[in-house]
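Chemist: all I have is the shape, not the residue letters:
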């Protein structure tokens, strides 16, 4: 949910331009990069409440404090709402969840160093302001009405529209946080294979990263409530995208899908124009009710591409979107899991062999069951844990063959450690927090802000 990207203001006249924008992201294998994004909840140390945007200890003050580290402020109507530094950015989700969108980097060692450096910078600014940060998939304590709203134009439009298409969209906006990885493709065939493997195994990531078992201070019956929320947010722009597995799927079919996704906004001269529910197809024909006679620019298409929220999303690259946010080591583990599976040919072949015979019903049953049951979800003759173990083995072999070493001669498999431990124990972070809630925490979630903060 970042702001408009800097794309040439070329007026769109043809479908080929839409396709060209997407295919322009294809890269030679030597140029493949890893882009890691993670969101986290801010909280005030004294009250545990989320910080407001304004004020001495607010989110804007925190952003402005980070400028000392070379970040450049991004302003909307005079307010600092994001930061950029090179190819990286810091942005705000609707309730002030702080997101690092990392630079495209060559190795997992680099992306993990980037995350660690960001958290160090953040702590140095946040602690004097009395603010801490927590990585989980769902805000464990506060109600929807307790969450602040950031002064960003696109969020005001989404806030009005979300309740018209689903029951949990405002919770998605204000009370969820995720970690995701953006990965490159070299051809249409490569994109299709990675997309299919990514979708089929996304429930495995949801289960391994499940860390949202609490709502308003109590167990909510789920292990990844964040993932469940997406099932009742907006059916026009979420889900498992069964058509990706159909014969003939490629960039053309993806363009059709995006054209069928209702619009949210058009950005013009520094302001967001509400076109929620209107059609990009009509926009292409100059028949958008909000802007009669006007045609979209490539910028408008780039923005529209960011308003679909399926489990895997294609822009100029593929985004893996199924994981809850978590602690520092799981920020590194998420890209490791997917890089191992998708950036090595043998691993990608193995992963496809693992999932290619899944039926549409099985894929959707995995997606629908993982939020509640995670690794314990029954699947075929076993459980989702069995599938997770096999996927982790494939990923580890893929990372081993990549042979990217740090200064100590250790390769990227080290970042799978937290996931391997979970798979061995058969327990997720959510399972462990529930044990603490019913045991040492004596029925309170407040200790999570002390014991699991960054």
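Modeler: Received it, and whenever you're ready, just let me know what you need. Nothing here was measured: the structure is a model prediction, and the numbers come from that model. Numbering: from 1, shown residues only.

Chemist: how many other residues sit next to the closest residue in space to residue 384 that isn't next to it in sequence?
Modeler: In this structure, residue 384 finds its nearest non-sequential neighbour in residue 377, 4.2 Å apart by Cβ to Cβ, 6 or more residues apart in numbering. (C-beta placed from N, C-alpha, C; glycine too.) Using other Cβ atoms under 10 Å, residue 377 is surrounded by 21 other residues.

Chemist: correct me if wrong: residue 377 contacts residue 368.
Modeler: No - the criterion here is Cβ atoms under 8 Å, and residue 377 misses it with residue 368 at 9.4 Å.

Chemist: buried residues in the longest helix along the chain, which are they?
Modeler: Of all segments of type helix in the chain, defined using DSSP state H, the longest is helix 188-208. Going by neighbour count (16 or more other Cβ atoms under 10 Å), the buried part of helix 188-208 is 190-208.

Chemist: adjacent strands (with direction) for the helix or strand harbouring residue 84?
Modeler: According to DSSP states H and E, residue 84 maps onto strand 79-85. Note on strand 79-85: by DSSP bridges, its sheet partners are strand 72-76 (antiparallel), strand 88-92 (antiparallel).

Chemist: list the contacts of it.
Modeler: 2-3, 53, 60, 63-64, 66-67, 69-75, 89-92, 150-152 (Cβ atoms under 8 Å, 6 or more residues apart in numbering).

Chemist: now stretch 284-294
Modeler: Contacts of stretch 284-294 (Cβ under 8 Å, 6+ apart): 12, 259, 266, 268, 273-275, 278-279, 282-283, 295-296.

Chemist: now these in a markdown table, with secondary structure, distance to residue 304 and neighbour count?
Modeler: Shown next, in a markdown table, are the contacts of stretch 284-294 (DSSP: H, G, I helix; E, B strand; the rest coil; distance: Cβ to Cβ, whole Å; neighbours: other Cβ atoms under 10 Å):
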| residue | secondary structure | distance to residue 304 | neighbour count |
| --- | --- | --- | --- |
| 12 | coil | 11 | 19 |
| 259 | helix | 9 | 17 |
| 266 | strand | 9 | 24 |
| 268 | strand | 14 | 14 |
| 273 | strand | 13 | 15 |
| 274 | strand | 14 | 18 |
| 275 | coil | 10 | 22 |
| 278 | coil | 11 | 19 |
| 279 | coil | 11 | 17 |
| 282 | helix | 12 | 16 |
| 283 | helix | 9 | 24 |
| 295 | coil | 13 | 15 |
| 296 | coil | 8 | 23 |
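
Chemist: now, which of those residues sits nearest residue 401?
Modeler: Set against residue 401, the nearest of these by Cβ to Cβ is residue 259 (39.0 Å).

Chemist: residues in contact with the closest one?
Modeler: Per Cβ under 8 Å, 6+ apart, neighbours of residue 259: 18, 279-281, 284.

Chemist: nearest to residue 139 among the residues you listed?
Modeler: For the contacts of residue 259, the nearest to residue 139 is residue 280 (32.5 Å; Cβ to Cβ).

Chemist: tally of neighbours for that closest one?
Modeler: Neighbour number of residue 280 under other Cβ under 10 Å is 23.

Chemist: all numbers from here: first residue = 307
Modeler: In the new numbering, first residue 307, that becomes residue 586.

Chemist: torsion angles phi and psi at it?
Modeler: Backbone torsions of residue 586, given as degrees, to the nearest 10, read phi -70, psi -30.

Chemist: need the contact list for the residue nearest to residue 690.
Modeler: So residue 683 contacts 509, 513, 672, 675-676, 689-690 (Cβ under 8 Å, 6+ apart).

Chemist: and if we set it to 7 Å?
Modeler: Residue 683 makes contact with 513, 672, 675-676, 689-690, according to Cβ atoms under 7 Å, 6 or more residues apart in numbering.
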